[in-house]
Each structure stands twice: as C-alpha cells, then as structure tokens.
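Participant: Structure here, sequence nowhere to be found:
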Ligand code: NDP
Ligand code: HSE
C-alpha cells in the first residue's frame, strides 16, 4: 500500500463530453482509486469543456467543472494533460497546438485530424518535447498503436490489413446475417455511439482511410499523403451481391489494406470478399481486427471492440496513465529523438493486382458468355469460375465471374469494352477478392 505522501497528482483537462468523453469520466470515476493504488498517481479531472452547458449528459459531472471555453483549460497552468475529444479538424487542431505550445501533454482520439493534417502536429509535439497520445484514434479498445510503436519496434512491417470501422462492420453483419436494411443498421450503430457525428465518414470509407493512414505511417515508417489513399465505402453494396458471395463461400467486409511493396505502398479501402473460413470473416458487429505481417514476429492478429464508449475510453486512459507515469517520474518524459520517416510512393489503384468478383447483367441468349470470356481473355484476365443465376426475366440474367489475379487497369479496360459493345444491361458490379 502506497503512503499518501508518495502519491503524485496529475491534473486533467477534458475537452468534449460526448460518447468518448463521457466514457473517460466514467472510467475515471470507477477506476481511478485502483489506478492510484497500482501506480501511486492520482488522476484529477479539473475541468471539462463542452459546447452546451444545459445538455443532458451520460455521466454525472459537477456543474463547477464545466465550461464552454476550451481556453479555460488551455490557459490553466495547473492542468498537466489536455484530452481532446471533440473530433473534426477545427477547432480541434488549434486546441491541440495551443495545448502543446502551453506546455501540456496531449491525448486525442481524433483520427481525421491526425490522418489529414498530422505532420505539422507531430512536428510541433516533437519541437515542444511533449507527448501526443493517440491510441484511441484507431480501433477503439485494441492497443494497436502501442503494438506498432513499441511491441514490433525491431520489425519491418509489410502488411497491415483489417476491419477498422465498427459502424460498417456492424451494418454489414446486420445486412448479411439478420437481413436488416442498411438504413436501420446505420441507425442502430448511431444509437450505440459507434458512428461519427457525420456518418458519411463511416459508410463512405473515409474513417477507415483515416485509420489506415495512421497505421501505415507507423507500420511502414513513411509519411502518408491522405488524398492518395483509394477509398470506396459500403453504400453501393447490394444485398444481392452479399447473398451471391455467400453462395460462393465468401463474406463481404470493408477492409483497409496497406502493403509495403518494392514498387511502393498499396493503400486502399473498399468492400472486399473474403473466404468464409478466413479469420477476418468471423469478425462480426462492432468488432475490429487488424492483421499485421512483421518480418521477425510473423503473422499477428489483433482483435477487439473497435468503437463505443468504454473500449475507446480504455484506449484514452491507456495514454493518460502512460503520460501520468512520465510526469510522476516513473518514466522519461522527454520525447525520444523523432522517428525519421520516409516518403514512400503510393501505388495508383490501377496498378494493384487482385482477384475479382464480377456480376454482369446480360440477356439470356446464345453467345453472351463466350463474348464475356473472350473480352476478358483479350485483356489478360483468366477466369477462375463462372456462375449463372436463374432469373425470371431472360432480358437481364446475372452472370458471376470470379477471376484469377489480374491487374486492375486490365479489369477496368475489359469492363469498358463490354459496356461499349452493349453486352450488359447495367453497370457491372466489381468486388475485389482477398485470400
Ligand atoms: P461526440 O459527438 O459524441 O462528442 C463530441 C463532444 O465534443 C460533445 O460533448 C461536444 O459538446 C463537444 N464539442 C464539440 N465542439 C466543441 C467545442 N468547440 N468546444 C467544446 N466542446 C466541443 O463525439 P465522440 O465522443 O463520438 O467522438 C469524439 C472523438 O473520438 C472524435 O474524434 C471521434 O472520431 C473519436 N472516436 C470516437 C469513437 C466512438 O466510438 N464514438 C471511437 C474512436 C474515436 P456538446 O456535448 O455540448 O455538444
Ligand atoms: N466511427 C468509428 C467506427 C468510431 O465506427 O469505427 C471508432 O473509431
């Protein structure tokens, strides 16, 4: 048991009391005594900034702590750690930068900001020799940032690939397993606090791309120009293709795929078909999983809840405790020498090589299959299997072709030719397939 005199107090200023902020306060209320017992550090919540003072909160917070002005926290010399949980680019960036300049340590869950404008912020933290914790920015409760930064420090990482958006995985699970509509599943994800304030970031793949940018930066030790990540969301996925994929032994997931190859980095987010016995296929609901291939450690799979109040608060608290230990002198507070990052090339999506699921809507008449196969062949695309579904309307019959590995630009050229020649009735569905 630690004597009170040896207890070190670390003062916290929280900006944002929504899903994640409320979770942080609840965890502090529940576990700060046990954290103090274990570490000898008393975490004290000194001030909480919000937009509305009258809003009903998910957690009880003394009215005296609340302010509408983040400057009350940023300018308070007694506050050691600023926790930014408002999200978005502005004023989050100004808040973090002011906190660093004012000598505060900073914790954030703001993947959008770090992915899109992270370099100057990381640079400022280095120059100010302050810690910037961002464990909560990727995959909620999974300690993937620490694993990449510390646990795998001696490795060269070539693949970081995973399901990194809880909302999309929750929607896809609801659609494929329970027959719930896209809209109803999204609504449920919002009610649970999984979705971003603007859920377009989730369903259009942008949140996954934000997380991929952060993972690739750490894993591949390169700056990542966010706009070069290829991004597709789940909005255009139809239940028909999810069902056909299932018949063929595949599930459909929104994957974030990062590969560090000798030609450059592949960075892409899109719906992906995976064999039903693939480890990522069993990741359901709000769960996330990240597969990492590291040259020394080999294949690793990280799994856990990717969004929501408590998993995300757990990650925020992990940064807070880490920083508090440094403040208390239990570890070095000075930032180590900043990691030197490369500027690796990002490969255009047209250059990737993948297997493909193609669904053509064609007229049921002799010669159509032959035309499809010939055109694909002319573009160096080899067919793995062909499946024709029965249809009550012979004018539009679905023909599904799975291909062997092909270069994306050849697939796109072949699809353009097939459309131009009037072989298909509607836009062909193309889903990339990972093994
Ligand atoms: P919410 O929308 O639930 O909460 C945002 C909070 O910020 C609200 O309390 C709001 O105040 C406050 N706020 C907004 N603008 C200001 C401002 N200018 N000054 C002071 N307070 C402000 O968001 P989440 O908690 O869901 O997300 C917070 C961050 O965590 C985001 O960056 C998000 O991407 C990230 N994140 C979220 C996860 C999740 O599962 N929800 C998981 C991982 C990361 P008021 O309540 O008064 O409106
Ligand atoms: N909206 C995000 C998700 C929150 O659904 O995964 C966690 O980062």
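Facilitator: Sure thing, it's come through. Computed from a predicted structure; not experimentally measured. Ligands and ions are numbered 1, 2, ... in the order given.

Participant: Determine the number of other residues adjacent to the residue of the chain found nearest ligand 1.
Facilitator: When scored by Cβ to the nearest ligand atom, the chain has residue 18 as its residue closest to ligand 1, at 1.8 Å. For the C-beta atoms, the positions are set from N, CA and C on the backbone; glycine is no exception. Neighbour count of residue 18, defined by other Cβ atoms under 10 Å: 18.

Participant: Spell out which parts of the stretch 301-435 of the chain neighbour ligand 2.
Facilitator: Residues of the stretch 301-435 of the chain lying near ligand 2 by Cβ under 6 Å from any ligand atom: 306, 307.

Participant: For the stretch 301-435 of the chain, which segments count as strands?
Facilitator: All strands of the stretch 301-435 of the chain, identified by DSSP state E, counting those that start in this stretch, fall at 353-362, 383-388, 397-403, 406-407, 429-433.

Participant: again with the stretch 101-250 of the chain
Facilitator: 105-108, 132-133, 157-163, 230-231, 250-261.

Participant: right, and these - which one's nearest ligand 2?
Facilitator: strand 157-163 (9.2 Å).

Participant: Identify, out of the strands of the stretch 101-250 of the chain, the most deeply packed stretch.
Facilitator: Mean neighbours per residue, mean count of other Cβ atoms under 10 Å, is largest over the strands of the stretch 101-250 of the chain for strand 105-108, with a mean of 27.

Participant: what's the spacing between it and its chain's center?
Facilitator: Here the centre of strand 105-108 is set off from its chain's centre by 19 Å, with Cα atoms, centre = their mean, to the nearest Å.

Participant: what lines up beside that strand in the sheet?
Facilitator: As defined by DSSP bridges, the strand partners of strand 105-108 come to strand 81-84 (parallel), strand 132-133 (parallel).

Participant: any idea how far residue 344 is from residue 361?
Facilitator: If you measure residue 344 against residue 361 using Cβ to Cβ, to the nearest Å, the figure is 40 Å.

Participant: next one: residue 285
Facilitator: Taken as Cβ to Cβ, the span from residue 285 to residue 361 is 32 Å.

Participant: near ligand 1, which residues of the stretch 101-250 of the chain?
Facilitator: Counting by Cβ under 6 Å from any ligand atom, the residues of the stretch 101-250 of the chain close to ligand 1 are 109, 110, 111, 136, 140, 193, 194, 196, 197.

Participant: and these as a markdown table, adding neighbour count?
Facilitator: Below are these laid out as a markdown table (neighbours: other Cβ atoms under 10 Å):
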| residue | neighbour count |
| --- | --- |
| 109 | 28 |
| 110 | 26 |
| 111 | 27 |
| 136 | 28 |
| 140 | 28 |
| 193 | 19 |
| 194 | 29 |
| 196 | 20 |
| 197 | 11 |
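
Participant: near ligand 2 too, which of the residues you listed?
Facilitator: 140, 194, 196.

Participant: Based on its surroundings, how many neighbours for the residue nearest to the second one when sequence neighbours are not counted?
Facilitator: Pointing back at residue 194 there. Using Cβ to Cβ, 6 or more residues apart in numbering and skipping the chain neighbours, the partner closest in space to residue 194 is residue 307 (4.0 Å). Look at residue 307: counted by other Cβ under 10 Å, it has 28 neighbours.

Participant: Tell me the predicted confidence for residue 307.
Facilitator: For residue 307, the model assigns a pLDDT of 97.

Participant: quick one: contacts for it?
Facilitator: 140, 165, 166, 167, 193, 194, 286, 288 (Cβ atoms under 8 Å, 6 or more residues apart in numbering).

Participant: what's the closest non-adjacent residue to the third one?
Facilitator: Computed as Cβ to Cβ, 6+ apart, the closest residue to residue 166 that is not its neighbour in sequence is residue 307, at 3.3 Å.

Participant: ok, back up a step: next, give me the two most distant ones among the contacts of residue 307.
Facilitator: Among the contacts of residue 307, the pair separated by the greatest distance (Cβ to Cβ) is 193 and 288, at 15.2 Å.

Participant: Enumerate the positions of stretch 279-288 that are buried.
Facilitator: Using 16 or more other Cβ atoms under 10 Å as the test for burial, stretch 279-288 gives 280, 281, 283, 285, 286, 287, 288.

Participant: Report whether that stretch contacts ligand 2.
Facilitator: No. Under the criterion of Cβ under 6 Å from any ligand atom, ligand 2 is not reached by stretch 279-288; the shortest gap measures 6.9 Å.
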